[in-house]
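>>> The following block contains a protein sequence and its predicted model.
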Amino acid sequence: MNFTVSKNKFYAALQNVAHAISPNSPLPVLKGIKINAIDPDSLVLTASNNDLAIQTSLINEQDKDLNLTIEEAGAVVIDAKYLLDIVHKIDGDILHMEIIDGALTMVKGQNAQYRINGMKADTYPTIDLSKPADAITTKAGQLAEIIEETAFAASDQETRPVLTGVNFALHDGVLECTATDSYRLAKKTIPFASHLTFRVTIPAKSLNEVKAIMLQEADKDIEIAQNNKKAQFFNGSILLQTRLLDGGYPDTDRLIPTEFHHTLTIKRSTLLSALDRCIFKSDNMTVNRLQCSQDDVIFSNGSQEIGDFQQSLMEEGTKFEGEPIDISFSGAYVQQAARALKGDTIEICFSGPMKPFILKDPANDTILQLALPVRTYN
């Protein structure tokens, strides 16, 4: 293997695939990035942690500033930590990489030169990156919106692995994306022109990696292909493949109330400011209390050991309809839900003091956030 390439383009590609590296992998080879120089002008970088695989191709035809020249085809695996550090710190705009003996690899800049012991490419596990038959296409901006508005509500506990993902269900021309940790729920529902029908649960961690490395250009097409074992995301140059989560996803529709007896309409900025002022915790949880009536809306938070906070939310833009209600909830959950709603106004709809309640943007009916109340003894 012997090639030269733009240092900055190569480094950016290495950063992208390195998202799949697990530093705790029991297999040393999986701590590395596989570099495959394919004659005449294609450089393929691959990284994987068994659950997630990322592959990107650097091709002159796709990037006029790549300056890729392959003198000799070949492949090697190099530890990601050292490789990123070397490429970042080496001098010059053009980088030269060459295998000089077995897997010993030279990385050379303008004046500086490194030699690093790599691993032979044939020791790297075979990764099946074949494309599943069922595929849909969406815009990067829309997929980013789905991830931002749902993935945060997935569980971070492995006791119920299926809840650590976002459930994508496509049927009858509608795409429903749902995440829940059993204490709160986020659901995005959008029309989607496709004849396909499927239901898969994709790890939230994988979706966050998709958002981090693939969705910067909102108008770019993203192809999503899936079968019963894996899902692939492809934007033309980067391929991200993730395993799916096993197990039946719970029927979350039954958790969403259909009747509401109390509705609070409030500016999103007002609600977020009040939530940010709640600093007191009990049992490592910020519990907020909301007391609503026609006359006033009181927001409070406190701890018997430390102190308390109280604020009236009855200002321009605040309106309450229904009988008075007194309800407590996790401040962190409601804060995350409110941040996921992008409109200026939020409607909070209650069925009762100990029943789930929803937050929604009255100008956007595609997204719904749900939270459970917390029982307190005031």
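Nice, thanks for sending it over.
>>> Every contact and neighbour count from this point should use C-alpha atoms.
Noted.
>>> Which strand residues bridge Leu264?
Phe320, Ile348 (DSSP bridges).
>>> Surely it touches Glu321?
Yes - the criterion here is C-alpha atoms under 8 Å, and Leu264 meets it with Glu321 at 6.6 Å.
>>> neighbour-wise, which of the two wins?
Between Leu264 and Glu321, counting by other C-alpha atoms under 10 Å, Leu264 is the more crowded of the two (18 against 14).
>>> which residues touch that one?
Leu264 makes contacts with 292, 318-321, 347-349, as judged by C-alpha atoms under 8 Å, 6 or more residues apart in numbering.
>>> Among these, the buried ones, what's the ChimeraX command?
Burial among the contacts of Leu264 is assessed by 16 or more other C-alpha atoms under 10 Å; the matching ChimeraX selection reads:
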select :292,318,319,320,347,348,349
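>>> which among the contacts of Leu264 gets closest to Pro28?
Ile348 (50.6 Å; C-alpha to C-alpha).
>>> got the contact list for that closest one?
263-265, 357-360.
>>> can you do 6 Å?
263-264, 358-359 (C-alpha atoms under 6 Å, 6 or more residues apart in numbering).
>>> likewise Leu245?
Here Leu245 is in contact with 162, 201 (C-alpha under 6 Å, 6+ apart).
>>> how close does it sit to Val174?
22 Å (C-alpha to C-alpha, to the nearest Å).
>>> again with Ser273
Ser273 is 35 Å from Val174, by C-alpha to C-alpha.
>>> between these two, which one's more packed in?
Applying other C-alpha under 10 Å to Ser273 and Val174 shows that Val174 carries more neighbours, namely 16 against 11.
>>> ok, and the closest non-adjacent residue to the more buried one?
Pro191 (4.5 Å; C-alpha to C-alpha, 6 or more residues apart in numbering).
>>> How many residues are close by the one you found?
Pro191, neighbours per other C-alpha under 10 Å, totals 13.
>>> Do I have it right that it meets His171?
No - between Pro191 and His171 there is no contact under C-alpha atoms under 6 Å: 9.8 Å.
>>> What strand or helix carries the nearest residue to His19 once chain neighbours are set aside?
Sequence neighbours aside, Glu209 is the residue nearest to His19 in space, at 7.0 Å (criterion: C-alpha to C-alpha, 6+ apart). Per DSSP states H and E: Glu209 is located in helix 204-214.
>>> who touches the following helix or strand past that helix?
Per DSSP H and E, the first helix or strand lying C-terminal to helix 204-214 is strand 221-226. Applying C-alpha under 6 Å, 6+ apart, the set of residues contacting strand 221-226 from outside is 132, 134-140, 231-235.
>>> Any of those buried? List them.
Buried among those (16+ other C-alpha under 10 Å): 135, 137, 139-140, 231-235.
>>> ok, back up a step: now, which of the contacts of Ile348 sits nearest Ile100?
The closest of those, once distances to Ile100 are taken by C-alpha to C-alpha, is Leu359, at 61.0 Å.
>>> where's the residue lying closest to the closest one once chain neighbours are set aside relative to Thr366, distance?
The shortest distance from Leu359 to any non-neighbouring residue, by C-alpha to C-alpha, 6+ apart, is to Ile348 (4.6 Å). The gap separating Ile348 from Thr366 is 15 Å, by C-alpha to C-alpha.
>>> Repeat that for Phe198.
Counting by C-alpha to C-alpha, the gap from Phe198 to Thr366 is 20 Å.
>>> same deal with Glu305?
Glu305 is 42 Å from Thr366, by C-alpha to C-alpha.
>>> Looking at those two, which one has more neighbours?
Thr366 (15 against 9).
>>> Could you say which helix or strand holds that one?
Here Thr366 is assigned to strand 364-371, by DSSP H and E.
>>> Give the other helices and strands that that strand contacts.
strand 184-191, strand 357-361 (3 or more C-alpha pairs under 6 Å, 6 or more residues apart in numbering; DSSP states H and E).
>>> give me that answer again for 10 Å
Judged by 3 or more C-alpha pairs under 10 Å, 6 or more residues apart in numbering; DSSP states H and E, the packing partners of strand 364-371 are helix 140-150, strand 174-180, strand 184-191, helix 331-340, strand 345-350, strand 357-361.
>>> ok, it: who's next to it in the sheet?
Partners of strand 364-371 in its sheet, by DSSP bridges: strand 184-191 (antiparallel), strand 357-361 (antiparallel).
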